[in-house]
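> Below are the sequence and a predicted model for it; my questions follow.
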Amino acid sequence: IDVIDVDDLLQQFTKEENREERPNAFAEHFLENLANEEVEECPICFSEMENPVIIPECMHQFCKDCIVAHIGISEEKGQVPACPTCATGHLQASKLVEVVRTKSEEGATSSQPVKQEITLRRNDFQSSTKLDALLHNLRKLRDQDPCFRAVVFSQFTSFMDLIQTVLEREGFDHYRFDGTMDIKTKAAAISEFKVDSRKPKILVISLKAGGVGLNLTNANHVFMMDCWWNAATENQAVDRVHRIGQEKTVYVKHFIVARTIEGRILEIQKRKTAIVNEAFKGTRAGKASDPESIQNLKIMFGDN
């Protein structure tokens with residue numbers, strides 16, 4: 001089982017009539033706190049837990065980053081990682097259980113406000129810096145606006161697979177649009193994304209397949225997960241959201257990993273943009289072609 005509903009799990013702990021006789025009374029109390037949406041303080045950083053995880057053996061709860069760092073430090077010192085609260089060991093990051101809170105305004109009324117659903121999932125997915133940054137931003141958006149719409153662009157279908165995996169684990173409704181899909185499937189994805197509902201929706205879209213021709217003004221948040229040689233291609237993609245008919249402020253975020261080839265691609269983007277600008281001015285700088293391509297390769301591979 002990859003995902004467990006807290007209410008279902010709580011029922012398993014409350015079958016016995018006498019609570020004091022139950023050996024799992026602490027676990028039951030912990031689950032009741034989760035079901036009541038009580039957010040506790042992390043015993044390591046003493047801050048309110050934004051992304052909590054549970055140690056299954058003892059049911060103690062910590063910030064994910066805090067306990068993963070604690071396990072890593074212990075292993076580096078040659079020690080057996082143990083729970084900082086009760087010293088239960090041997091801890092493994094992959095066996096931690098994440099607490100996922102999702103808000104939905106489906107069925108919400110003045111007497112019954114927004115409902116928060118809580119599920120538990122295994123921490124056995126190997127994420128990445130970009131995926132973590134994307135989720136951090138999406139969680140913040142969900143807290144600010146439970147009905148937000150966002151478009152996530154990537155030029156790699158394999159990376160789109162990973163993005164969908166983390167969105168699924170986080171409980172986000174999401175749809176996909178890429179060049180491998182037939183016209184009917186593409187149209188269905190866009191149609192579903194545009195249906196009005198009281199919960200967040202995210203469209204994961206290929207930079208090339210969805211960069212032109214689409215009207216996505218129902219969204220106002222754009223995330224560019226990787227960069228392309230030509231800034232105009234990225235600008236065209238952003239314009240699927242930032243175009244006539246858009247009634248909200250559009251927010252665009254680019255995720256670039258420092259000290260990687262992406263930084264050099266950005267340099268090439270700037271050079272190409274400068275050449276285009278000079279070309280429109282009618283200057284000689286806009287006529288460079290082959291020498292410019294060679295210089296771009298030198299920049300990308302660090303031979304400049």
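Structure received. Residues are numbered from 1 along each chain as shown.
> those strands in the protein, which residues are they?
Using DSSP state E, the strands found in the chain span residues 3-5, 52-54, 61-63, 97-104, 115-122, 149-154, 173-177, 201-206, 221-224, 251-254.
> Residue 130 versus residue 235, what's the distance?
Note on residue 235: its distance to residue 130, by Cβ to Cβ, to the nearest Å, is 21 Å. Where you see a C-beta, it was placed from the backbone N, CA and C, and this is true even at glycine.
> ditto for residue 56
Here the criterion is Cβ to Cβ. By it, residue 56 lies 29 Å from residue 130.
> More neighbours: which of the two?
Each of residue 56 and residue 130 has its neighbours counted (other Cβ atoms under 10 Å); residue 130 has more, 18 against 15.
> residues in contact with the more buried one?
Counting by Cβ atoms under 8 Å, 6 or more residues apart in numbering, residue 130 touches 225, 255, 257.
> can you pick the most crowded of these?
Neighbour tally across the contacts of residue 130 (other Cβ under 10 Å): the maximum, 23 neighbours, falls on residue 225.
> And for the closest residue to that residue other than its chain neighbours, the neighbour number?
Leaving aside its chain neighbours, residue 225 sits nearest to residue 154 (4.3 Å; criterion: Cβ to Cβ, 6 or more residues apart in numbering). Neighbour count for residue 154, taken as other Cβ under 10 Å: 22.
> how near is residue 154 to residue 129?
Separation of residue 154 from residue 129 (Cβ to Cβ): 15 Å.
> Please spell out which residues along stretch 257-265 are buried.
264, 265 (16 or more other Cβ atoms under 10 Å).
> Next, the distance between the ends of it.
11 Å (Cα to Cα, to the nearest Å).
> What's the mean pLDDT across that stretch?
Average pLDDT, stretch 257-265: 88.
> tell me how far that stretch is from the chain's mean position?
Computed by Cα atoms, centre = their mean, to the nearest Å, the chain-centroid distance of stretch 257-265 equals 21 Å.
> Could you check the pLDDT of the closest residue to residue 82 other than its chain neighbours?
Nearest non-adjacent residue to residue 82, counting by Cβ to Cβ, 6+ apart: residue 89, 3.6 Å away. Each residue has a pLDDT score; the one for residue 89 is 80.
> Repeat that for the one 4 residues further on.
The score at residue 93 is 87. That number is its pLDDT.
> Repeat that for residue 289.
The score at residue 289 is 49. That number is its pLDDT.
> ranges for the helices of the stretch 101-250 of the chain?
129-144, 157-170, 183-194, 231-238 (DSSP state H, counting those that start in this stretch).
> Could you dump these into TSV and include mean pLDDT and distance to residue 219?
Shown next, in TSV, are these (pLDDT from 0 to 100; distance: least, Cβ to Cβ, whole Å):
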stretch	mean pLDDT	distance to residue 219
helix 129-144	93	11
helix 157-170	91	15
helix 183-194	94	8
helix 231-238	90	11
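> Turn the ones you listed into a markdown table, columns for distance to residue 150.
Listed next are the helices of the stretch 101-250 of the chain as a markdown table, based on distance: least, Cβ to Cβ, whole Å:
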| stretch | distance to residue 150 |
| --- | --- |
| helix 129-144 | 7 |
| helix 157-170 | 10 |
| helix 183-194 | 10 |
| helix 231-238 | 13 |
